[in-house]
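Novice: any chance you can model this:
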Amino acid sequence: MRAFVIDDSRVNRLTLSTVIARIEGARVEEFDNPVEALEKLCADPPDIVIVDQMMERMSGIDFIRKARSIPALDTLPIVMATSSERKEVRREALDAGATDFIAKPVDMIEFKARVRNLMTLRQASSPRSGMAGLAELLAEAFSEQGRRSNQSAMRDPSERRVAAYAAVMLQDLGIPDLSRRILQVATTFDALASGSQGRGAMTLDEARARVVAEAGERLDRSAVDTFLRTWDLIEQIYDSSASSRDL
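Specialist: As a prediction, this is how the structure comes out:
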């Protein structure tokens with residue numbers, strides 16, 4: 001699995017690259033010039049891109065917009081690192097095609113989990129594995145053997161849940177090309193329900209209501225509609241994960 005880290009700050013690149021390199025099987029390429037990164041992106045796309053919002057040669061939003069104009073990069077996960085809390089900035093990035101955001105200063109544990117989730121789903125939804133790969137992720141989420149095996153590629157319960165939420169929603173759509181928007185909904189829901197962002201866990205109904213409230217704003221409306229259609233399965237996935245923790 002390959003990741004591009006694009007930032008004109010050497011310190012920021014080193015920090016993010018070090019975290020990604022700790023993910024099993026991950027390789028990182030660093031770029032201080034977004035123009036050069038875009039050229040390499042077209043020639044040899046990675047599995048995920050982390051791009052800073054504020055850069056001299058090209059803003060992160062402009063970079064995302066240019067990348068999304070290339071059909072072959074439509075489903076590539078692109079995460080924008082930003083210190084801005086302004087809704088306008090995030091809305092513009094989403095409109096440009098950002099998959100997710102990482103707030104600066106970066107929470108390294110959250111960053112690592114998000115990157116690993118996105119890279120895993122990217123590989124599962126690639127043309128090589130297609131829906132079979134997504135079905136495998138879903139099966140692992142319910143499998144006791146998968147939960148207990150040291151060989152599992154996703155050892156953390158949150159990682160398995162997020163992948164499984166995304167899997168059932170993608171299966172409902174019948175196509176994998178909306179994976180970046182689907183995963184954003186799945187990641188948001190699990191962070192709210194599990195309290196992984198340090199704000200305290202919500203009930204499943206509260207987390208669901210928050211996701212619905214953000215439809216058309218931070219979250220893609222069609223992806224949220226799919227989330228609602230598959231709600232019964234998503235509840236089962238979360239309850240199954242909770243039961244495994246109680247064993």
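Novice: who touches the helix or strand containing residue 16?
Specialist: Applying DSSP states H and E as the criterion places residue 16 in helix 10-21. Residues from elsewhere that reach helix 10-21, judged by CB atoms under 8 Å, 6 or more residues apart in numbering: 3, 5, 7, 26-28, 30-32, 50, 52, 81, 106, 108, 111-112, 115. Every residue, glycine included, has its C-beta placed from N, CA and C.
Novice: quick one: contacts for residue 26?
Specialist: With CB under 8 Å, 6+ apart, residue 26 has these contacts: 1-3, 20, 115, 119.
Novice: again, only using 10 Å
Specialist: 1-3, 17, 19-20, 47-48, 112, 115-116, 119 (CB atoms under 10 Å, 6 or more residues apart in numbering).
Novice: so how far is residue 95 from it?
Specialist: 29 Å (CB to CB, to the nearest Å).
Novice: ok now the helix holding residue 16, how far from the chain's centre?
Specialist: Relative to the chain's own centre, helix 10-21 is displaced by 18 Å; criterion: CA atoms, centre = their mean, to the nearest Å.
Novice: can you give me the end-to-end distance of stretch 81-95?
Specialist: Counting by CA to CA, to the nearest Å, you get 16 Å between the two ends of stretch 81-95.
Novice: with stretch 209-228 instead?
Specialist: 10 Å.
Novice: tell me which residues of it are tucked away?
Specialist: 210-211, 214-215, 218-220, 223-227 (16 or more other CB atoms under 10 Å).
Novice: got it, and stretch 26-45?
Specialist: 26, 28, 30-32, 34, 37-38, 41, 45.
Novice: quick check: mean pLDDT of the helix holding residue 16?
Specialist: If you average the pLDDT over helix 10-21, you get 94.
Novice: next: stretch 117-131.
Specialist: 64.
Novice: any idea how far residue 22 is from residue 123?
Specialist: Applying CB to CB to residue 123 and residue 22 gives a distance of 18 Å.
Novice: compare neighbour counts for the two and give me the winner.
Specialist: residue 123 (16 against 10; other CB atoms under 10 Å).
Novice: my guess is the more buried one contacts residue 75, does it?
Specialist: No - in this structure residue 123 lies outside contact range of residue 75 using CB atoms under 10 Å: 11.7 Å.
Novice: how's the chain carved up into domains?
Specialist: Residue ranges for the domains of the chain, per automatic domain parsing: 2-106, 109-246.
Novice: first vs last residue of the first one, how far apart are they?
Specialist: Using CA to CA, the span of domain 2-106 from its first residue to its last is 20 Å.
Novice: how about the strands in the protein?
Specialist: 2-6, 27-31, 48-52, 78-82, 100-103 (DSSP state E).
Novice: hey, least reliable of the domains of the chain by pLDDT?
Specialist: domain 109-246 (a mean of 71).
Novice: how about the contacts made by residue 185?
Specialist: By CB under 10 Å, 6+ apart, the contact set of residue 185 is 162, 165-166, 169, 211, 214-215, 218-220, 222-228.
Novice: and residue 165, what does it touch?
Specialist: Applying CB under 10 Å, 6+ apart, the residues contacting residue 165 are 137-138, 141, 182-183, 185-187, 189-190, 227, 230, 233-234, 237-238.
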